[in-house]
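Student: got a predicted model here, sequence first, then my questions.
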Amino acid sequence: MLQEIKEKLWEEMSLPAYIITHYRLNLELDIIESHMDLYVRREDQNFFKEKLKDQA
């Protein structure tokens, strides 16, 4: 969902953003945990927050 929102805002409004995904191996539970961070320009921060709230 995050990737789709980011791409849509780039295509429609040329708002730059990028996503960094972090992975961690949890050996105790034998799973891979992932965490995503969305980076945007400071002036676009509130706009992205509102768009993400609308999708939740």
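Tutor: Structure's in. What do you need? Remember, it's a predicted structure, so these values are computed and weren't measured experimentally.

Student: so where do the helices sit in the chain?
Tutor: Taking DSSP state H, the helices of the chain run over residues 2-13, 45-55.

Student: among those helices, which is nearest residue 35?
Tutor: In terms of Cβ to Cβ, the element of the helices of the chain nearest to residue 35 is helix 2-13, at 11.6 Å. Placement of C-beta: from N, CA and C, glycine included.

Student: in that closest one, what counts as buried?
Tutor: Burial within helix 2-13, assessed by neighbour count using 16 or more other Cβ atoms under 10 Å, is assigned to 5, 6, 9.

Student: skip the chain neighbours and tell me the closest residue to the second one.
Tutor: The reference is to residue 6. Leaving aside its chain neighbours, residue 6 sits nearest to residue 17 (4.9 Å; criterion: Cβ to Cβ, 6 or more residues apart in numbering).

Student: my guess is that neighbour meets residue 3, correct?
Tutor: No - using Cβ atoms under 8 Å, residue 17 makes no contact with residue 3, being 10.1 Å away.

Student: mind listing what the residue nearest the centre of the chain touches?
Tutor: Nearest residue to the geometric centre of the chain (Cα atoms, centre = their mean): residue 38, 3.7 Å. Neighbouring residues of residue 38 by Cβ atoms under 8 Å, 6 or more residues apart in numbering: 2, 6, 17, 18, 19, 48.
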